[in-house]
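[1] need the 3D shape of this:
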Amino acid sequence: MLKSFVEKICELSICTAEKGGRLLTSKPLHAVRESEPAPLKARTLAAVLEYAERFAKEDMENGEDVFVHVEDYKTVHVRGVLYGVEKQRDCFLTAEAYEVAHKFGANLTLEDFIVYLQSAFVQDENTAKILRVVGNIVEDNATEYADDGVTQRVTARSGIARREIVDLPNPVTLRPYRTFTDAEQPDGLFVLRIRQSEGGKPTCMLVEADGGAWKSKAIENIKRWFDDNSLSVGILG
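    Okay, the predicted model is just below:
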């Protein structure tokens, strides 16, 4: 009992020494940081703009400057300047974009693919062309596919009885919803594949083909949105 008591005292004690002009301790010490505010939560860039312009300086002591920090394609903060001996930086507001559950790399039935393309992508001439082709694919054994790795050729139905050969260039440029709805959605390259499943029915699949370059475009689009809406504080992204 006495031995364990002494070992506990030694464990809790801290020894200090000086070497080469530096103060050393036998145990790591952690400085007590000043209290930090819990950041407000938001879902839009408009909320970030309003807070940064109207409320941030009122919430900070002495009205110090704040800035907008675009962390990534789906996260934006309103932060303050460094302060205190620990060089702390408060975060007053964090906005996170709503995320759409995308189905890249999944084989979808024609019906599911059409619904997905119409609901999760910005509609433009590229989506219209894909929808036109997919919506006219003949779901029988007469459907034909030809693929040379660059262009996929599909036998589709035109009208009621007539069929036509349609070329689908790959990769195709599309704009899925992947960042704040306030900002312009970044475009990206996708490989479109149409094939027959084991059950004989055609399926469609979209595969990302830009190596994640769209994320940098999204950050630039967010910054451009703030510039277009005359954000008066600094912005980092």
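[2] C-alpha only now, for contacts and for neighbours.
    Noted.
[3] to what extent is residue 89 buried, counted in neighbours?
    If you count neighbours by other Cα atoms under 10 Å, residue 89 ends up with 13.
[4] just the pLDDT for it.
    The model reports residue 89 with a pLDDT of 87.
[5] just residue 85 next, same as before
    For residue 85, the model assigns a pLDDT of 76.
[6] same thing with residue 156?
    So, for residue 156, pLDDT stands at 54.
[7] do the one 4 residues further on as well
    At residue 160, the model reports a pLDDT of 34.
[8] same question, residue 107
    The per-residue pLDDT of residue 107 was computed as 93.
[9] how many other residues sit next to it?
    19.
[10] identify the residue spatially nearest to it, adjacent ones excluded.
    Nearest residue to residue 107, sequence neighbours excluded (Cα to Cα, 6 or more residues apart in numbering): residue 205, at 4.8 Å.
[11] contact partners for that neighbour?
    For residue 205, the contacting residues are 104-108, 113, 192-194, by Cα atoms under 8 Å, 6 or more residues apart in numbering.
[12] now with 10 Å?
    By Cα atoms under 10 Å, 6 or more residues apart in numbering, the contact list for residue 205 reads 103-110, 113, 190-195.
[13] which of those residues sits closest to residue 227?
    Proximity of the contacts of residue 205 to residue 227 (Cα to Cα) peaks at residue 190, which lies at 29.5 Å.
[14] next SSE after the helix or strand in which that closest one is found?
    Counting by DSSP states H and E, the element that carries residue 190 is strand 188-196. Elements were assigned by DSSP H and E; along the chain past strand 188-196, the next helix or strand is strand 202-208.
[15] partners of that following strand, with directions?
    strand 108-109 (antiparallel), strand 188-196 (antiparallel) (DSSP bridges).
[16] could you point out which element follows the shortest one?
    Read in the C-terminal direction, the helix or strand following strand 108-109 is helix 110-120, with elements assigned using DSSP H and E.
[17] give me the angle between the next helix or strand after that next one and helix 110-120.
    Moving toward the C-terminus from helix 110-120, the next helix or strand (DSSP H and E) is helix 125-135. Calculated by axes from the mean of the first three to the mean of the last three Cα atoms, to 10 degrees, helix 125-135 forms an angle of 160 degrees with helix 110-120.
[18] for residue 102, which residues are in contact?
    So residue 102 contacts 116-117, 120-121, 176-178, 206 (Cα under 10 Å, 6+ apart).
[19] quick check: domain ranges of the chain?
    Domain ranges of the chain: 27-98+222-236, 108-211, per automatic domain parsing.
[20] kindly check the end-to-end length of the longest one for me.
    Counting by Cα to Cα, to the nearest Å, the length from the leading to the trailing residue of domain 108-211 is 23 Å.
[21] let's have the chain start at 57 instead
    Got it, first residue is 57 now, which makes that one domain 164-267.
[22] how many other residues sit next to the nearest residue to residue 258 once chain neighbours are set aside?
    Excluding its sequence neighbours, the residue lying closest to residue 258 (Cα to Cα, 6+ apart) is residue 252, at 4.1 Å. As a burial measure, residue 252 scores 18 neighbours (other Cα under 10 Å).
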